[in-house]
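# pasting a predicted model and its sequence here:
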Amino acid sequence: MTTPEIVRVAGVLVIFLALAGLMYGGRLPALLALPTMAVLVSIIGGIPASQIVTEVIGQGAFRLAEAMVAAMLGSMLAAMLDKSGVAASMIKRAAELGGDRPLVMGFILIVVIFVLFIALSGLGAVVMVATIAFPIMLSLGLPPLLAGSLFLIAMSAGGVLNVQNWQFFITLFTVSGAQQLGQDQIRPFAMPLAAIMLATAFAFLLFEWQRQGRRRLWAEPAQESAPSARWWAFLTPVVPLAIILVSDLGWGYQFSINAALVIGLTYGAAASFRRGPGSIQLLSRSAFDGIANVAPAIALMIGIGMVLKALSAPQVVELVRPVLVAITPGSVLGFVALFAVLAPLALYRGPLNLWGMGFGLAAALWATGVLPPGAIMVAFLAVGQIQGVCDPTNTHNVWVANYLGIDVQHILRRTLPYVWVAAVVGLIIGGFMFVRH
């Protein structure tokens, strides 16, 4: 590399670190940091001004359009589960099964939360489920830190199988309508990773229960805010995933993720239907509230799309390719070692956080061809569990800590060892699946 090229690569690195630091310090939100990074990287990369305006900004804003639709549909489904009483009924049925046996109750709630978040996502869904689950957990004597951490691990485990989240990776690795990564590649890794996270939740409950002990806390019972749901409505959260799994069997029908979410919405509306004007309006109210709830995430996706366009531009790709090729390992052992050691960089909107600098790094790794799409998906999905459970900058972590009266940093310190081990196991499994030997 020539001296000017080295200076430009260093400039790109400085931009990454500077913006990550601003986000870490809370001085610049990701909503502004990502478009800023896209423009500055484009300038340093030598992209003409006209191309920055028309492609990086103009086309980049819609780069993740399909993922935006998936986010809206998933949020609609979450709102429906709330308004129809399905989520509340599932939690209360679990409480009835557990009785006054806190460990049994904990295991049951782990499974229920896991199943719910196969379909649910967003802070609204967290508030909806947690305000029902936490009073039950606390009244049975689970310490607040244990209850909050357990909820977050189970939630993240369910999110691994949330087909709405799969769409992010599918859209990321799509060029000119051609998919470089499909559901058939994500599913074989997502299933064992979800099982690993579920096992992590069980292990966390067992070990931390012995460590923290039982503390009786008499909490107010959850208020009845929705009618009890019929048993067949409980299937609503898993309908989209079931459709995807069945279509992957090759029976002649191949459903997209968005189509599966629409079918899930339709099933939920039908299963929750009752006579009266309220049921008739259930679907429309769920649609309106769902879109409103996911609006901040969609706004963030606009900035992410701009970063993707900037980092996938030929000028930028050729500039950073030599550096990425030099530092990225091609063996399974090197792949696992690199991302296992760097896994904490998923915290605080760091470079391995898909909701921070991560999308830019993922796009650069893919655009330069140093790792196949499947390996990049494995790295960010496995390491992303640390972000989903432990990151103090997550809005759901902040809400959980505030609700339970604990320090959000305590959640990080308590859960990180468990989730880090789970992420490494996921990296090992995914490495043998996708990394060249």
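The structure has been received and is ready for your questions.

# from here on, just use CA atoms for contacts and neighbour counts.
Fine.

# where along the stretch 101-250 of the chain do the helices fall?
Residue ranges of the helices in the stretch 101-250 of the chain, as given by DSSP state H, counting those that start in this stretch, are 102-116, 123-139, 144-160, 163-172, 183-212, 239-247.

# what's the longest one packed up against?
Counting by 3 or more C-alpha pairs under 8 Å, 6 or more residues apart in numbering; DSSP states H and E, the packing neighbours recorded for helix 183-212 are helix 102-116, helix 144-160, helix 163-172, helix 373-390, helix 408-434.

# how about a cut-off of 6 Å?
Counting contacts by 3 or more C-alpha pairs under 6 Å, 6 or more residues apart in numbering; DSSP states H and E, helix 183-212 packs against helix 144-160.

# the first one now?
Taking 3+ C-alpha pairs under 6 Å, 6+ apart as contact, the helices and strands that helix 102-116 lies on are helix 144-160.

# tell me the mean pLDDT over the helix it packs on?
Here helix 144-160 scores 95 as its mean pLDDT.

# could you dump the helices of the stretch 101-250 of the chain to CSV with mean neighbour count?
Listed next are the helices of the stretch 101-250 of the chain as CSV, based on neighbours: other C-alpha atoms under 10 Å:
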stretch, mean neighbour count
helix 102-116, 22
helix 123-139, 21
helix 144-160, 25
helix 163-172, 23
helix 183-212, 18
helix 239-247, 19
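
# what's the closest of the ones you listed to Ala337?
Nearest to Ala337, of all these, is helix 183-212, at 17.8 Å by C-alpha to C-alpha.

# what's the angle between the closest one and helix 373-390?
Using axes from the mean of the first three to the mean of the last three C-alpha atoms, to 10 degrees, the direction of helix 183-212 lies 30 degrees away from that of helix 373-390.

# phi, psi for Gly182 please.
Dihedral pair for Gly182: phi -120, psi 180, per degrees, to the nearest 10.

# what is the burial count for it?
If you count neighbours by other C-alpha atoms under 10 Å, Gly182 ends up with 17.

# tell me how far it lies from Thr266.
The gap separating Gly182 from Thr266 is 25 Å, by C-alpha to C-alpha, to the nearest Å.

# related to what we said a few turns ago, now the helices of the stretch 101-250 of the chain in CSV, with distance to Leu28?
As requested, the helices of the stretch 101-250 of the chain are exported to CSV (distance: least, C-alpha to C-alpha, whole Å):
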stretch, distance to Leu28
helix 102-116, 33
helix 123-139, 21
helix 144-160, 26
helix 163-172, 24
helix 183-212, 32
helix 239-247, 36
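
# return the alpha-carbon coordinates of the helix or strand in which Ala259 is found using CSV.
Assigned by DSSP states H and E, Ala259 belongs to helix 257-271. Provided in CSV are the C-alpha atoms of helix 257-271 (Å, rounded to 0.1, in the frame of the first residue of the first chain):
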residue,chain,number,x,y,z
ILE,A,257,-40.2,-14.4,6.1
ASN,A,258,-42.6,-11.5,5.5
ALA,A,259,-45.2,-13.9,4.1
ALA,A,260,-44.8,-16.1,7.2
LEU,A,261,-45.3,-13.1,9.4
VAL,A,262,-48.5,-12.1,7.6
ILE,A,263,-49.8,-15.6,8.0
GLY,A,264,-49.0,-15.4,11.7
LEU,A,265,-50.9,-12.2,12.0
THR,A,266,-53.9,-13.7,10.2
TYR,A,267,-53.8,-16.8,12.4
GLY,A,268,-53.5,-14.7,15.6
ALA,A,269,-56.5,-12.5,14.6
ALA,A,270,-58.6,-15.6,13.8
ALA,A,271,-57.6,-17.5,17.0
